[in-house]
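**Q** have a look; sequence and predicted model below, questions after that.
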Protein chains: 2
Amino acid sequence: MTTPSTARFDHLLSSRARIGWDGSVTTSRPVASPLYEFGGGFPDPASFPYDGMVEATARMMKAEGAEALTYGDPQGYRGMRELVCHKYQLFENLHVTPENIFVANGSGAALALAFSAFVDPGDPIICEAPTFSGSLNNIRRHGPEIIAVPVDADGMDITAVREALERLRRQGRRCKLIYTIVNFQNPAGPDLSIPRRHELVSLAEEYDTFILEDDAYGELRFDGDTKPPVYALDRNGRTIRAGTFSKILGAGVRLGWLCAPPAMLPAFQGFNFGGGVNPFMSRVATYFLREHMEPHVKLLINVYRAKRDAMLRGLWEVLTGTDVEISRPAGGFFIWIKLPSGTDPARLEELALAARVQYTPGRAFFPGGGGERHIRLAFSYEQPDKCYEGCRILARAILDARR
Amino acid sequence: MTTPSTARFDHLLSSRARIGWDGSVTTSRPVASPLYEFGGGFPDPASFPYDGMVEATARMMKAEGAEALTYGDPQGYRGMRELVCHKYQLFENLHVTPENIFVANGSGAALALAFSAFVDPGDPIICEAPTFSGSLNNIRRHGPEIIAVPVDADGMDITAVREALERLRRQGRRCKLIYTIVNFQNPAGPDLSIPRRHELVSLAEEYDTFILEDDAYGELRFDGDTKPPVYALDRNGRTIRAGTFSKILGAGVRLGWLCAPPAMLPAFQGFNFGGGVNPFMSRVATYFLREHMEPHVKLLINVYRAKRDAMLRGLWEVLTGTDVEISRPAGGFFIWIKLPSGTDPARLEELALAARVQYTPGRAFFPGGGGERHIRLAFSYEQPDKCYEGCRILARAILDARR
């Protein structure tokens, strides 16, 4: 057995690799084998199209197996890019062409391409607080100065965005990107209101910066009307939009994309090494979704709505009468909770660990600290009965964790 | 139709995105639809396991479909990592464990993870001249100072490596990585000799740097004995090894990896955004190769040896009597040609374009300029009769391009 020693290498690491290398960036304490998995945004395994994907693979290989098994278009499989355009039109009345779409290995990688293209260490970028913990780790790896703005019931606080941009202007600096999660904001829950979407577009133009509009869950809307994407409202070409098949097909396919002005795509391509994102996988996913997207999304909406409602019922049955605040998102995978006054977050973590309930502590979502009073629950993975049951257990733990 | 204007964005691009943004980094002039595709290292489509991959998909989905369709291990699917260990043992007698393997989106992405982990702009790294053009684009994107050392019949010139390291030491600087393609060096053809492999290991230790050993083609050896990997000779833990399934299964699966000391893997993981490399695709590939790897590789060796030999026959039938130099690689996909004295490379490009023969001009493989006298031919894609025929045509064009 070759078991070489490991030479010291830390001193040779790049500055980007050293970010968080000391273990300073941690998120949540994972429960070894949770009975109630409310932590990550895992899609519902019972709804995966197992047979459909096998059938799509056979059909695809017959039609274009040789293309599936060799290097592909650096911009991504054209069939998938056409499908993304169709999806945008179908669900959001957004009209773009395959020339606007750049395929990436999931939306995390898509966002990383945008950060890579625009962000040097020390550059200012604006994002929400709270924002998705995965995006935060992604952003941090690029080393920018992160300027956090609050989120309220209408989404990102646009007045705070303006103030931040103005402050930077006075310093002679420029914000590179404004990163915002526009639908069922992860974790806080609200949609960015339509007036604010317009204001954001105006601000980007006024301050010569770009908007990175993240929308991983938009199709999975349970209540209310779809709001126009910032990308559709922006006539100035200052918006980059990120999307994914992870939530409507399965995260294991690792297929996401950026939608952007075509002239910008080569800047993303520079950071995609190799022959285009997964020619095989992108074809399988496309062949399946081409035939089944609308009914499958309809099915998923019912599945996830039932889970959200079961979770809310479990929480409210126990916590009514306290000053707890619980989001009621119109879609997506997550509920955001502001714990009742006097809850000890460390004690709650212990109790939840003992009860094998996994959730994500609020501090994971705040770029500059804070969030101790919050937790995020994912209702996506467990079945409705377990969402209900697990939330009753967790809610009782919350009551028990009061100082 | 939404056709927003595109705001100027060049001034906001990151410094890494600006590398080559002016179009200064170009490689070859592509033939619109080549009759003879000798350009890229495309695997042989006639040998793709079409039915085998469909069968593997069905079998895999039955056994672990739920895992295939959700987020995976950040280090990569364990079954694939076990298979890589098995492959290393089988073909190269290299013994490592799944804890040494980090899965990436193809070996281009794997190399990019190593560069990201170690290289800051301006850092010195050493590589071969010529070296693989794709790696060169990859390296350039990370902005290091590239120190080129020549390649001779025994591979990378180790004396030149020592001199470069010594020169850096005198300047108080340190080489971050020594990047070398050890088997059938792409494009020049030689294996790195065993004594030089040992010397390289010693140099890395002496000068406190790391070796990035690239081996995309090792199993596809037509002649002679397999040489021990640098990774196996290195008892100091200073080697990172990159590999891929692109050449023995199909580049469309985009599955590569790094093999490295386990303590180093978190440094790579920091640059992989999302839930582990393709849980679906890595399982399909693993299920196929677990059953079929040895006979499939044996088949491919015969396929590619016949293509190499057909190409060499076509070239020598026309060019014998000139002072041309033509490599005879013991494996892999490429032949490297030093054109006869007096050949006009621009004229040759025109003639080849007219004859619809695609090759890669030598300048694409040299980090600091040069290579005008060289061209690279890939024998991997076309069938033997077309390798022969196309090379006779190209060889006549070479004769016609003499000044």
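**A** Thanks, I have the structure now.
**Q** remind me, longest helix of chain A?
**A** Of all the segments of type helix in chain A, defined by DSSP state H, the longest one is helix A:279-319.
**Q** packing partners of it?
**A** Packed against helix A:279-319, as judged by 3 or more Cβ pairs under 8 Å, 6 or more residues apart in numbering or on different chains; DSSP states H and E, are the following elements: helix A:50-68, helix A:78-92, strand A:325-326, strand A:334-338, helix A:384-400, helix B:279-319. All C-beta atoms are positioned from the backbone trio N, CA, C, and that covers glycine.
**Q** give me the secondary structure label for the residue nearest in space to the middle of chain A.
**A** Closest residue to the average C-alpha location of chain A: A:A216 at 5.4 Å, with Cα atoms, centre = their mean. Counting by DSSP: H, G, I helix; E, B strand; the rest coil, the backbone at A:A216 sits in coil.
**Q** which residues of the stretch 251-400 of chain A lie near chain B?
**A** Within the stretch 251-400 of chain A, the positions lying close to chain B (Cβ under 8 Å from any Cβ of the partner chain) are A:251-254, A:256, A:261-264, A:266-267, A:270-271, A:273-275, A:277-281, A:284.
**Q** from those, which would you call buried?
**A** Among those, those classed as buried by 16 or more other Cβ atoms under 10 Å in any protein chain shown are A:251-254, A:256, A:261-262, A:264, A:266-267, A:270-271, A:273-275, A:277-281, A:284.
**Q** within the sheet, what are the partner strands of the strand ranked longest in chain A, with directions?
**A** Here the longest strand in chain A is taken by residue count, with DSSP state E as the criterion, and it is strand A:145-152. Within its sheet, and counting by DSSP bridges, strand A:145-152 is paired with strand A:124-129 (parallel), strand A:155-156 (antiparallel).
**Q** among the buried ones among the residues of the stretch 251-400 of chain A next to chain B, name the ones in strands.
**A** Using DSSP E to define strands, the subset of these located there is A:G256.
**Q** which members of the buried ones among the residues of the stretch 251-400 of chain A next to chain B occur in helices, if any?
**A** Where those overlap with helices, as defined by DSSP H, the overlap consists of A:P266, A:A267, A:P279, A:F280, A:M281, A:V284.
**Q** I'd like those laid out as JSON lines, including pLDDT.
**A** What follows is these, written out as JSON lines (pLDDT from 0 to 100):
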{"residue": "A:P266", "pLDDT": "95"}
{"residue": "A:A267", "pLDDT": "96"}
{"residue": "A:P279", "pLDDT": "97"}
{"residue": "A:F280", "pLDDT": "98"}
{"residue": "A:M281", "pLDDT": "98"}
{"residue": "A:V284", "pLDDT": "98"}
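**Q** quick check, nearest of those to A:G332?
**A** Lowest distance from A:G332 to these (Cβ to Cβ) belongs to A:M281, with 24.2 Å.
**Q** which residue is the nearest non-sequential neighbour of that closest one?
**A** B:M281 (4.8 Å; Cβ to Cβ, 6 or more residues apart in numbering or on different chains).
**Q** from B:M53, how far off is the one you found?
**A** Counting by Cβ to Cβ, to the nearest Å, the separation of B:M281 from B:M53 is 10 Å.
**Q** what do the two both touch?
**A** Counting by Cβ atoms under 8 Å, 6 or more residues apart in numbering or on different chains, the contacts common to B:M281 and B:M53 are A:F280.
**Q** for chain A, name the helix or strand with the lowest mean pLDDT.
**A** helix A:15-18 (a mean of 93; mean pLDDT, DSSP states H and E).
**Q** so what touches that one?
**A** Taking Cβ under 8 Å, 6+ apart as the criterion, the residues outside helix A:15-18 that touch it are A:D10, A:P121, A:R141, A:H142, A:G143, B:S116, B:A117, B:F118, B:D120, B:A267, B:G270, B:F271.
**Q** now swap in stretch A:285-302 and tell me
**A** Stretch A:285-302 has contacts (Cβ under 8 Å, 6+ apart) with A:44, A:47, A:49, A:52-53, A:55-57, A:59-60, A:63, A:77, A:79-80, A:83, A:87, A:90-91, A:219-222, A:245, A:247-249, A:253, A:255, A:331.
**Q** give me the buried subset of these.
**A** Buried positions within the contacts of stretch A:285-302, assessed by neighbour count (16+ other Cβ under 10 Å), are A:44, A:47, A:49, A:52-53, A:55-57, A:59-60, A:77, A:79-80, A:83, A:87, A:91, A:219-222, A:245, A:247-249, A:253, A:255, A:331.
**Q** how about the least confident helix or strand of chain A: buried residues?
**A** Within helix A:15-18, the residues that qualify as buried are A:R16, A:A17, A:R18, counting by 16+ other Cβ under 10 Å.
**Q** from A:A251, how far off is the second one?
**A** Right, A:A17. In this view, A:A17 and A:A251 are 26 Å apart by Cβ to Cβ.
**Q** show me what from the stretch 101-250 of chain A comes close to chain B.
**A** So the stretch 101-250 of chain A meets chain B at A:105-109, A:111-112, A:116-120, A:123, A:134, A:137-138, A:141, A:174, A:176, A:205, A:208-210, A:231-232, A:234-238, A:249-250 (Cβ under 8 Å from any Cβ).
**Q** generate a ChimeraX selection restricted to the buried entries among these.
**A** Here the buried members of these are turned into a ChimeraX selection, burial being counted by 16+ other Cβ under 10 Å:
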select /A:105,106,107,108,109,111,112,116,117,118,119,120,123,134,137,138,141,176,208,209,210,231,232,234,236,237,238,249,250
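**Q** what's the angle between the helix or strand containing A:V161 and strand A:145-152?
**A** Counting by DSSP states H and E, the secondary-structure element that holds A:V161 is helix A:158-170. Here helix A:158-170 points in a direction 160 degrees away from that of strand A:145-152 (axes from the mean of the first three to the mean of the last three Cα atoms, to 10 degrees).
**Q** could you dump the strands paired with strand A:145-152 into CSV and include mean pLDDT?
**A** Below are the strands paired with strand A:145-152 laid out as CSV (pLDDT from 0 to 100):
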stretch, mean pLDDT
strand A:124-129, 98
strand A:155-156, 98
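**Q** circling back: hmm, who's touching the longest strand of chain A?
**A** Strand A:145-152 is contacted from outside by A:122-131, A:136, A:139-140, A:156-157, A:160-161, A:164, A:168, A:175, A:185, A:188, A:190, A:366-368, using Cβ under 8 Å, 6+ apart.
**Q** got it, and stretch A:374-383?
**A** Surrounding stretch A:374-383, the residues in contact under the criterion Cβ under 8 Å, 6+ apart are A:36-46, A:130, A:187, A:304, A:307-308, A:310-311, A:333-339, A:345, A:348, A:359-362, A:364-365, A:387, A:390-391, A:394.
**Q** give me the buried subset of those.
**A** Among the contacts of stretch A:374-383, those scoring as buried are A:36-45, A:130, A:187, A:304, A:307-308, A:310-311, A:333-339, A:345, A:348, A:359-362, A:364-365, A:387, A:390-391, A:394 (criterion: 16+ other Cβ under 10 Å).
**Q** how long is stretch A:217-226 end to end?
**A** Across stretch A:217-226, the straight-line distance between its terminal residues is 12 Å, by Cα to Cα, to the nearest Å.
**Q** phi and psi next, for A:A104.
**A** phi -140, psi 170 (degrees, to the nearest 10).
**Q** that one: neighbour count?
**A** By the measure other Cβ atoms under 10 Å in any protein chain shown, the count of residues near A:A104 is 28.
**Q** pLDDT score assigned to it?
**A** The per-residue pLDDT reported for A:A104 equals 97.
**Q** how about A:P30?
**A** pLDDT for A:P30: 69.
**Q** my guess is A:P74 contacts A:N272. True?
**A** Yes. Under the criterion of Cβ atoms under 8 Å, A:P74 makes contact with A:N272 at 6.7 Å.
**Q** ok, these two, which is more surrounded?
**A** For A:P74 and A:N272, the more surrounded residue by other Cβ under 10 Å is A:N272, and the numbers stand at 23 against 17.
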